[in-house]
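Peer 1: missing the sequence, but the structure's below:
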């Protein structure tokens, strides 16, 4: 397995490299990632090519058995390049150019930058394609992460128009799909097509653009990023046979599609940072979402190695959390675990992004803890790499993300976070879950949860219908079947394409901006609820009833399967899912495990992780701790254990 | 009486129209409003005129006895028109153009758009002036509502300069009026005149512009909108004799002046939406403010028919509230009640603006409830249309709104909301109130409340003085008489023009950003208080005393009338107004009516409306329920009753 | 001593001047400040010079013994001048020009404005240099206060580049200093240098620019302002011998450096305003910070004389506070106390900035209170002007402010406010403190507090080291010694240059965005804490221990002195400082004085000020009240007393 560190040889005196290599080796690091921000290093001025610094670094680290993942350097266009193309930058929706000074300051549709990209990627690929110490390529870095997928420049306006021409052929079809008859927005010439910049209603509401246009603009923007990445992967494949990866962290693009381009899925994991303070469940969700992007190996290209942020730091991880998060990643069967970064950089915008070593380069607490993490993962690798049991599929979909993010129905509803609530509940009740797209092979699962699948095409709906008929179980939720794929709301009776299989009609709904309805058994209902009229369905639990007296959850036999409709948003779904999982045979029976102990079920074993800062007792049924053969385990603060079936 | 629905025939298959007409007829709808966003429908491309779709719709609905209100289509300049005039848009104060993509994206001072407006309005007027199924014109739609009255483009800068030339004649007079000697802002050439865009102090305070300039810029902007509307009404009057109306919802313009242009006052009522969650009193205030715009019939051109918002929805009305809000509108003696909209649109920015029917077109709960609302109003029409008793005038003034909005004295003070507090109190204590301008005939009232009338001209002050001398009663409040009409603060001793009649001097004041002073009897004092020195006045209630020991409310005999000065802002004015109304003979004596039951007194009858979600008991004195002749009424949740004098 | 009022003769009818002069004289006012916004007054149009209005005013006031401080009128470029130079304005980081309409709307690097400045300053200087009634010059007004130090225009970009050329000589040195190797930001031509405008990461984090560039850009901007001020002081010195002053209120520039230009330090004191609601300690800090700018007389050029704000008012001062704040200023030994402003202006952006008189010009409460303030200060002048005892130096540093403001480590950390916490604690425990720069003569103090001195040069560190070796005591805090002067983080082991003298190593740290750790004895720990490893140091108080069991405060003997390291941020430092002051002999022993009573120790006397709205009892040890010779004093609400040593 790959254990690595993100290293930037250009940041340190060459005399120091050897000491770093030795320190890495000592704790089991066998790989470095370099180069993704190194354009100036290999081409200080236009045409002055010099790979020698990286060549020397790669050789020196190889002496210590440390291999290299090489980044294409497009993540940081140098100053000379931006001087050459003064219009290289993205434009925000107010029409302001977002200029030089950070990184990835380029528009995906800038022809000059695409040309320079071709040139530099080819150059890097040719230089290292036959270097055996280079084991893989990373394309650029975290595409889309700097709030930079949506660009409103005139170049993008034209590219968007071309994209629409390719998609729709005629303006009539555009007008039809978007419903431009509303507010006289009928387009009669392609030149009239806009990108959704500021309008006169912006002070009034966030965005008053046509929803069909918005959805297509987001798809186009996602596609622009995809095509930029593809430009690189095509060159890399032409020039070499090495593995291609990319650290996918943006949620502004369709990552299932992007993932097609790579051999391994890369992900950057920062449970606590300036921007995030993730719950254990949310950390797990993010690992599992990345895994779900494709049926390909998962590489953690950046794993948190210390407190981090740009101008402010996120909460400092407690002693033991860095290790636990590494084990949590490993429990997903990853192939690579690379820590960002080896040593904290004394200059640049990431001065506060703490690496394994502090600025001073002296091994300290974090070096020790990460060494322990690597040892522990190596020790348990046989278990960690076992295939995982997955009875439940939780669907996460970008088309639905795009439309919910723009029109969330009610203040406070955030698609991703509401899906995470389902995931968190499943983890707390220890049900094995996979996160994946609508395109998954449903038959592999006993239960498919389709949270907030408002937008759905006919074919997907039919696949789901067949799955249920053949004995599958699904959970539907508010908003199900509401939208057509062109982002129009269906004129069918709701839940639209799901109506027949669910056996219910949505009689009414309640936007609950200011209201929370507490239930003693199932907790707080909030944000949104629908009133279900039972057509063929039955009430799932007779005592779960709405203020109007109707069922909160319905259950419908459909073919050989069952359809559950959860009619409301809850603060926590634990109890509801417990009952549905029991009914569908997807509940786990590992014994008595506290909520805060995450439990990953592999074939024949359990990986147990205590996310709390206190000791926890676990009483297993049918499993025993590999260390002492006991089924009763006292787990340390942020502790880890493996249990095998007894 | 007109019962209507806002209908957009262009949004639906022609085959569906007939079903809609039949469904409308069934619940009493006799009118549709169409066309206000239909420019592309009648002129898909420049010069390709085709009225046939609307012609067919008007005819078909007429078959069902349903008449049409026709909108001029200027509320949505088509894409081809905006392509023709790329500079048609408004500019925000940062200098960014607010472009295409929503609606009403035009500058009122754009010559090209004014020309196109003339052309299209003339065309529509000529086409339908002799169509008897068209009963009225609506001009554009909700002028000023999209945060779009203030435009900072260079065109508007020139128009503002011309406006100033007309108003002042010379720059000397401008300099004098604005006090430009402050900070060396003396203008010496007309070309130097600015519109109040961003300045260097914007990060420091909201706006650091000269208050005289700001006030005139707002008056100019209001005037620009007025002149744009007038351009249309003049053409319509020239071409036809039909009623002209407009839905007035913007609070950025002087609506008393705008109302002069129309035959009936239009208003759009959305008690709960993405932006508002109105108290019963505030809903009533908005109806009454609209009524106060002019002594003309009130038409509700859009009445809420379901939950609504653009990207998020406001709270869903409780069962019964849609009906109650309709009755509440009707209690104001309206002539027309038109629901927005008939059926929820599956596309465009208002996908979440729920109509009488859902997207699916199937009559449901809301169809039933609105049907009941119409029946109930029809049944009680004889009572609802009776003239209303109005003993009290509550003055609402745009010059004061403009200056208070810009310089609210203390964080948290919002002119409109503070006037609403007076209104709410009056409704809770069941005192009949009219909302109106300073220009009202005061002699029609026994009490005139002048809340926060800081800016006031000499003539108005003299009219008020005469009114009091002749036996009238007025209430003054903090800020009274503070400003001259040019937005300079008076150098007279405060309360300036009101000093003589009030018999008090403002000795001092307290901005109370962080302080609330609770009084057991009268509730919380907050935001602002003044210290009154009694010249001729007396303390109104001896136990209402300020922290310094002075009176909170003074009372002065002036001629035959009385002047009350309420020296502070209160959270609620119920108790204070109760006492003053008792003294001035304006208190009502209808019996024992809970606060939450709104009571509108007509000649000889009371309209009672229960705004709470619980049953309420009403014990009337001198009135009896028309249904059962009893004076004790149990009102249902959101219930309605009519009582006649016994 | 100078007692004054800011007067604007151009705002008032000339007939009124005489009355104002008489009213001023009556309460002891002997000086007016005029002219700083009067460019249009003396040059209404370009070249039409006319000083007569100011000449007449100066003469008339001189008749009453009232002298004049004359402002250079550059604080308000007239409309004609801005018309002449349409590009005179500053640009914000989004690239928007911040235009005409408030004041000080000019870019410091605009050549045309610099030329006009030269011309007008020379003209004013020549006109009044021989007028004996003019006693001093004020340069411009509150340079930098309108959020206007950082300008992003192309002019400033070029000026910044030139500044870098002067500072670094070669781009190699720039690249080295900034660490541009990070993210490929290596500059290869001077033309590539940017000013830090918006980038693609702005929606993501506040600012993603290179920290070295940011620090230099702030230094450059501070320098631009300095050079603009210097342009004026050089002319003034050439033309006259009068005192030159300036009201320094911006915290965006290095005020120690700016202060070099002036003969007296000017400061504008507004304890309560639209923007501030200062604690007594914070008010004191601001006076003392101003005093610390240079060893020059302190002039209060604007002292609050009423409630104030632009569009909203800050809290109205309680009766007695205006007087107390004046006495508090006087307790610092000031030479001038000038109230802003004489009479409240009825027009312009400062209509709500209440002066000594209201708009009506009638002497009222505030006139009385300020009269009493002046009398009281005159009575006690012999005590108030005595030199102050200062045992403790609290260091405040602009290089550290610049870098902490940009990268505050943790949300909620604001450098200035965290330094103020130290000051507030010292005042509450009545320890005499001076605020000053790193360049102070340390040997004059027994204890030097160096809060959050992250950035420090070698020489300063060495001076500090020598001071301690020679017997001095210092307090270090989190972040000490973290940064090099080029804003790179040191690669030495922390606390870097302070490691040897402190005898500790920073083993780890905890960013505490969400965590507060309460201690019974010392209060709440918050924001940030470090784990200390004791090398040579000892734990200062054995029971003050971190969650890990290490010391919260260490103490190290170094040479003849001692170094304390406070390892965490506290809500209040009272207890910690009490103990350290006791150990270092800097604690005061004045008796029993409540926290809310500020106590300034002069040679031989104490100035006592009660900042609470309630009476307070003071029991002095070794001092007695000058009024009644008693050592027990009952202080009135907002009361003042002087006690001399007995």
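Peer 2: Okay, I see it. On a predicted model such as this, the values are computed, not experimentally measured, just so you know. Residues are numbered from 1 along each chain as shown, chains lettered A, B, ... in the order given.

Peer 1: from now on I want contacts and neighbour counts done on CA atoms only, so please keep to that.
Peer 2: OK.

Peer 1: element containing the closest residue to chain C within the stretch 501-646 of chain A?
Peer 2: Going by C-alpha to the nearest C-alpha, chain C is nearest to residue A:613 of the stretch 501-646 of chain A, at 13.4 Å. Using DSSP states H and E, residue A:613 sits in no helix or strand.

Peer 1: quick one: residues contacting it.
Peer 2: A:637-638 (C-alpha atoms under 8 Å, 6 or more residues apart in numbering or on different chains).

Peer 1: longest single strand anywhere in chain A?
Peer 2: If you go by DSSP state E, chain A has its longest strand at strand A:504-519.

Peer 1: tell me the first helix or strand C-terminal of that strand.
Peer 2: Assigned by DSSP H and E, the successor of strand A:504-519 is strand A:523-534.

Peer 1: what pairs with that following strand, parallel or antiparallel?
Peer 2: The sheet places strand A:523-534 alongside strand A:504-519 (antiparallel), strand A:568-570 (antiparallel), with pairing taken from DSSP bridges.

Peer 1: isn't residue A:618 right up against residue A:596?
Peer 2: No. Taking contacts as C-alpha atoms under 8 Å, residue A:618 lies outside contact range of residue A:596: 10.7 Å.

Peer 1: now do the contacts for whatever residue of the stretch 1-150 of chain A ends up closest to chain B.
Peer 2: Of all residues in the stretch 1-150 of chain A, residue A:94 sits closest to chain B, at 6.6 Å by C-alpha to the nearest C-alpha. By C-alpha under 8 Å, 6+ apart, the residues touching residue A:94 are A:197-198, B:96.

Peer 1: stretch A:440-452 vs chain B: in contact?
Peer 2: No. Figure legend: stretch A:440-452 not in contact with chain B (C-alpha under 8 Å from any C-alpha of the partner chain); closest approach 15.4 Å.

Peer 1: do stretch A:406-416 as well
Peer 2: Yes. Stretch A:406-416 reaches chain B (C-alpha under 8 Å from any C-alpha) through A:406-411.

Peer 1: may I have the phi/psi pair for the residue lying closest to residue A:168 once chain neighbours are set aside?
Peer 2: Spatial nearest neighbour of residue A:168, excluding adjacent residues (C-alpha to C-alpha, 6 or more residues apart in numbering or on different chains): residue A:174 at 6.2 Å. Main-chain dihedrals, residue A:174, degrees, to the nearest 10: phi -60, psi -50.

Peer 1: and residue A:174, how close does it get to residue B:105?
Peer 2: Distance of residue A:174 to residue B:105, given as C-alpha to C-alpha, to the nearest Å: 21 Å.

Peer 1: flag every buried residue along the helix ranked longest in chain A.
Peer 2: Secondary structure of chain A read by DSSP state H shows that its longest helix is helix A:211-239. Residues A:211-233, A:235-236, A:239 are the ones in helix A:211-239 that count as buried (16 or more other C-alpha atoms under 10 Å in any protein chain shown).

Peer 1: what does stretch A:279-291 give?
Peer 2: A:280-291.

Peer 1: contact partners of that stretch?
Peer 2: By C-alpha under 8 Å, 6+ apart, stretch A:279-291 touches A:248, A:265-267, A:269, A:271, A:297-298, A:328-329, A:332, A:396, A:420, A:423-424, A:427-428, A:434-436, A:596, A:611.

Peer 1: relative to residue A:190, how far out is the residue in the stretch 101-250 of chain A that chain B sits nearest to?
Peer 2: Relative to chain B, the nearest point of the stretch 101-250 of chain A is residue A:199 (4.3 Å; C-alpha to the nearest C-alpha). Distance of residue A:199 to residue A:190, given as C-alpha to C-alpha: 20 Å.

Peer 1: quick one: which of these two has more around it?
Peer 2: Taking neighbours as other C-alpha atoms under 10 Å in any protein chain shown, residue A:199 and residue A:190 compare with residue A:199 leading, 29 against 14.

Peer 1: check that one and give its pLDDT.
Peer 2: We have a pLDDT of 94 for residue A:199.

Peer 1: backbone dihedrals for it, please?
Peer 2: According to degrees, to the nearest 10, residue A:199 has phi -130, psi -180.

Peer 1: what of the one 10 residues further on?
Peer 2: Dihedral angles of residue A:209 (phi, psi; degrees, to the nearest 10) stand at phi -80, psi 160.

Peer 1: give me every residue that touches it.
Peer 2: A:196, B:101-102, B:348-349.

Peer 1: same deal with residue A:570?
Peer 2: A:523-526.

Peer 1: and chain C, is the lowest-mean-pLDDT helix or strand in chain A touching that?
Peer 2: In chain A, the helix or strand scored least confidently by mean pLDDT, DSSP states H and E is strand A:97-98, which has a mean of 93. Yes. Counting by C-alpha under 8 Å from any C-alpha, chain C has neighbours in strand A:97-98: A:97-98.

Peer 1: and the next helix or strand past that strand?
Peer 2: Counting by DSSP H and E, the element after strand A:97-98 in chain order, helix or strand, is helix A:111-128.

Peer 1: strands of the stretch 51-200 of chain A, start to end?
Peer 2: A:67-71, A:90-91, A:97-98, A:134-138 (DSSP state E, counting those that start in this stretch).

Peer 1: what lies in contact with the second one?
Peer 2: Contact partners of strand A:90-91, identified using C-alpha under 8 Å, 6+ apart, comprise A:97-99, A:105-107, A:148, A:151-153, C:200.

Peer 1: what average pLDDT does the helix or strand containing residue A:324 get?
Peer 2: Here residue A:324 is covered by helix A:321-330, with elements defined by DSSP H and E. Mean pLDDT, helix A:321-330: 98.

Peer 1: is that helix in proximity to chain C?
Peer 2: No. Figure legend: helix A:321-330 not in contact with chain C (C-alpha under 8 Å from any C-alpha); closest approach 13.5 Å.

Peer 1: what are the buried residues along whichever helix or strand comes after that helix?
Peer 2: Next helix or strand after helix A:321-330 toward the C-terminus (DSSP H and E): strand A:336-340. Within strand A:336-340, the residues scored as buried using 16+ other C-alpha under 10 Å are A:336-340.

Peer 1: next SSE downstream of strand A:336-340?
Peer 2: Next element after strand A:336-340 (DSSP H and E): helix A:365-379.

Peer 1: for that next one, which positions count as buried?
Peer 2: Buried residues in helix A:365-379, counted by 16+ other C-alpha under 10 Å: A:366-367, A:369-374, A:376-378.

Peer 1: show me which pair in those is furthest apart.
Peer 2: The two members of those with the most space between them (C-alpha to C-alpha) are A:366 and A:378, at 18.1 Å.

Peer 1: OK, contacts around residue A:303?
Peer 2: Here residue A:303 is in contact with A:268-270, A:326, A:337-340 (criterion: C-alpha under 8 Å, 6+ apart).

Peer 1: where's it relative to chain C, distance?
Peer 2: For residue A:303, the distance to chain C equals 19 Å [C-alpha to the nearest C-alpha, to the nearest Å].

Peer 1: and that residue, that's in a strand?
Peer 2: Yes. Under DSSP: H, G, I helix; E, B strand; the rest coil, residue A:303 falls within a strand.

Peer 1: for the spatially closest residue to it that is not a sequence neighbour, name its beta-bridge partners.
Peer 2: What sits nearest to residue A:303 in space, not counting adjacent residues and going by C-alpha to C-alpha, 6+ apart, is residue A:339, at 4.4 Å. Residues in a beta bridge with residue A:339, per DSSP bridges, are residue A:5, residue A:303.

Peer 1: which residues touch residue A:339?
Peer 2: A:4-6, A:301-305, A:355-356.

Peer 1: look up how far residue A:267 lies from it.
Peer 2: Relative to residue A:267, residue A:339 is positioned 11 Å away (C-alpha to C-alpha).

Peer 1: can you check which residues contact both of those two?
Peer 2: A:301-302.
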